[in-house]
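> the amino acid sequence is not available; the structure is as follows:
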């Protein structure tokens, strides 16, 4: 596994911040579900151990608002100040973290930025699309594994 550098992800106002690491080559999903489609979210799903909350955990709860619907599997916490969702726990991998690529600070040295393939995901037909990801073996390919594996 070729792990990239550590990158910062945050909301617009900066109150909600974390860091993550991922493979040098990864796959992200450009989802059109009723939530992601409205926000223009592009999700890079990583293993939970590759994400670190920078904001104090107690302040994180205070600074964010929980939003769930449907199956209530996905856990989304939006910043109460600016309304941005920099990451969440996705329905496709509830024990992982989905990073919103639009909220990532890749740093000044873009040679360190991972090569991310963006794949269209039909979130309107979530179950069928998720099954297709499995069939095409993209689920494993899109996860950023931890450095020990």
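That came through fine. Since we're looking at a predicted model, the values are computed, not measured.
> SS state for the nearest residue to residue 85 once chain neighbours are set aside?
For residue 85, ignoring the flanking residues on the chain, the nearest one in space by CB to CB, 6 or more residues apart in numbering is residue 78 at 4.9 Å. For glycine as for every other residue, the C-beta is placed from the backbone atoms N, C-alpha and C. When classified by DSSP: H, G, I helix; E, B strand; the rest coil, residue 78 comes out as strand.
> let me know the pLDDT of residue 78.
Per-residue pLDDT puts residue 78 at 96.
> which ones are touching it?
Residues near residue 78 by CB atoms under 8 Å, 6 or more residues apart in numbering: 64, 65, 67, 84, 85.
> now rank those residues by neighbours and give me the top one.
Using other CB atoms under 10 Å as the neighbour criterion, residue 85 leads the contacts of residue 78 with 22 neighbours.
> before we move on, back to that, where's the dip in pLDDT among the contacts of residue 78?
Comparing pLDDT over the contacts of residue 78, the lowest reading goes to residue 67, 93.
> any idea what that one is bridged to?
Residue 67 has the following beta-bridge partners by DSSP bridges: residue 76.
> okay, how far is it across stretch 65-76, tip to tip?
Distance between the two ends of stretch 65-76: 8 Å, counting by CA to CA, to the nearest Å.
> what sits up against that stretch?
If you take CB under 8 Å, 6+ apart as the criterion, stretch 65-76 is touched by 35, 77, 78, 80, 85, 88, 89, 90, 91, 94.
> all strands of this structure, in order?
In the chain, the strands defined using DSSP state E lie at 3-10, 17-23, 25-31, 42-47, 51-53, 64-67, 75-79, 87-89, 96-100, 104-105, 115-121.
> distance between the last one and the chain's centre?
Distance of strand 115-121 from its chain centroid, counting by CA atoms, centre = their mean, to the nearest Å, is 12 Å.
> which secondary structure elements does it contact?
Counting contacts by 3 or more CB pairs under 8 Å, 6 or more residues apart in numbering; DSSP states H and E, strand 115-121 packs against strand 25-31.
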